[in-house]
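Engineer: got a predicted structure here, sequence first:
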Amino acid sequence: MDDDRFGDSSDSIADSSDLFVRADRSSEQPASSASLSRRSTTIQNPDNAPELTSSLSWKAWARDMGLNENIAGEAETNELLKSFIAILKRNQTSSQANETKCQVLEAQVEELKAQCEAEQEKAEAYRQSALRKVTNLRKATVQAQNQREQAIREREQLQDELDKVVDERNRTQTALNQALHERDELQRKVEQLQHELEQSKRQTKQAQDERDQARHDRDEILFEYEPLVFDADVLAAGLKRKRLSGE
């Protein structure tokens with residue numbers, strides 16, 4: 001795009017250079033280094049060229065340019081020089097426009113640079129923020145991993161303790177079942193002893209009843225035979241006395 005804008009001025013400069021060559025050839029005077037320097041100055045500043053009204057002014061300008069004064073004398077009728085001056089002025093206008101465009105572009109470039117710097121600062125801030133977030137995320141990930149491993153260890157420990165509790169419960173249940181079995185055995189033995197005790201009580205009562213009956217029968221017999229016993233005792237006592245006296 002920029003090449004298209006500056007293309008006309010380049011062509012104009014080329015045309016003006018061609019006019020210099022043709023003017024030098026018409027004067028048949030070689031151009032010196034000072035002449036070329038003055039031409040360059042005139043090309044850059046075409047407003048220094050005089051108007052095409054005064055032969056004296058053209059002669060002075062031609063001398064300054066290192067040209068043949070005869071060319072300046074013929075300037076009023078020389079269309080070639082007229083075109084040359086027009087091209088110089090057009091180039092000056094184009095150069096000024098290009099300079100203005102360059103200044104605008106430089107301002108735009110500076111503005112873009114400022115925007116780029118601002119965007120770079122924002123990007124750097126975003127990058128630092130992202131780095132902090134990544135760092136925090138890594139820390140959180142490590143912490144979560146540590147907590148997970150801690151939770152796994154605690155779960156395994158609780159599982160071991162639960163297994164121990166289950167084993168203890170099983171042993172307790174086995175002992176309880178054994179105790180219940182022994183209790184049932186003891187209950188049966190108690191019931192058997194209770195039965196034997198009841199039987200013994202019945203036998204003891206029967207024996208007591210038999211003993212009471214025997215005592216009653218003895219008492220009746222003693223009551224019935226008591227006189228005979230008394231007589232027997234008296235008789236025995238008499239016999240004892242007789243035996244003693246006989247001796």
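Structural biologist: It's in.
Engineer: how far away is residue 205 from residue 195?
Structural biologist: Distance, residue 205 to residue 195, by CB to CB, to the nearest Å: 16 Å. (Each C-beta comes from the backbone N, C-alpha and C, glycine too.)
Engineer: can you check residue 168 too?
Structural biologist: Residue 168 is 40 Å from residue 195, by CB to CB.
Engineer: ok, residue 114 next?
Structural biologist: 116 Å.
Engineer: next: residue 208.
Structural biologist: Distance of residue 208 to residue 195, given as CB to CB: 20 Å.
Engineer: what comes up buried for stretch 87-106?
Structural biologist: Using 16 or more other CB atoms under 10 Å as the burial criterion, the residues of stretch 87-106 that qualify are 87, 88, 90, 91, 92, 94, 95, 98.
Engineer: and for stretch 207-217?
Structural biologist: In stretch 207-217, counting by 16+ other CB under 10 Å, buried: nothing.
Engineer: longest helix of the chain?
Structural biologist: Counting by DSSP state H, the longest helix found in the chain is helix 79-246.
Engineer: output the contacting helices and strands for that helix.
Structural biologist: Helices and strands touching helix 79-246, as assessed by 3 or more CB pairs under 8 Å, 6 or more residues apart in numbering; DSSP states H and E, comprise helix 2-27, helix 33-44.
Engineer: could you rerun that using 6 Å?
Structural biologist: helix 2-27 (3 or more CB pairs under 6 Å, 6 or more residues apart in numbering; DSSP states H and E).
Engineer: quick check: mean pLDDT of the helix it packs on?
Structural biologist: Computed over helix 2-27, the mean pLDDT rounds to 43.
Engineer: ditto for stretch 95-102
Structural biologist: On average, stretch 95-102 scores 82.
Engineer: likewise for stretch 185-203?
Structural biologist: For stretch 185-203, mean pLDDT is 92.
Engineer: low-confidence stretches in the protein?
Structural biologist: Residues of the chain that meet the criterion pLDDT under 70 lie in 1-85, 88, 225-233, 235, 238, 242, 246-247.
Engineer: swap the cut-off to 80 and go again
Structural biologist: Applying pLDDT under 80 to the chain picks out residues 1-96, 218-247.
Engineer: give me the distance between residue 187 and residue 177.
Structural biologist: 15 Å.
Engineer: sorry, that was for residue 149
Structural biologist: Taking CB to CB, one finds residue 149 at 42 Å from residue 177.
Engineer: one more: residue 87?
Structural biologist: With CB to CB as the criterion, residue 87 and residue 177 are 125 Å apart.
Engineer: likewise for residue 217?
Structural biologist: Residue 217 sits 59 Å away from residue 177, taking CB to CB as the criterion.
Engineer: what do you get for residue 107?
Structural biologist: 101 Å.
Engineer: can you check residue 162 too?
Structural biologist: Per CB to CB, residue 162 is found 22 Å from residue 177.
Engineer: try residue 166
Structural biologist: Counting by CB to CB, the gap from residue 166 to residue 177 is 16 Å.
Engineer: ok, residue 125 - contacts?
Structural biologist: Residue 125 makes no contacts at all, as judged by CB atoms under 6 Å, 6 or more residues apart in numbering.
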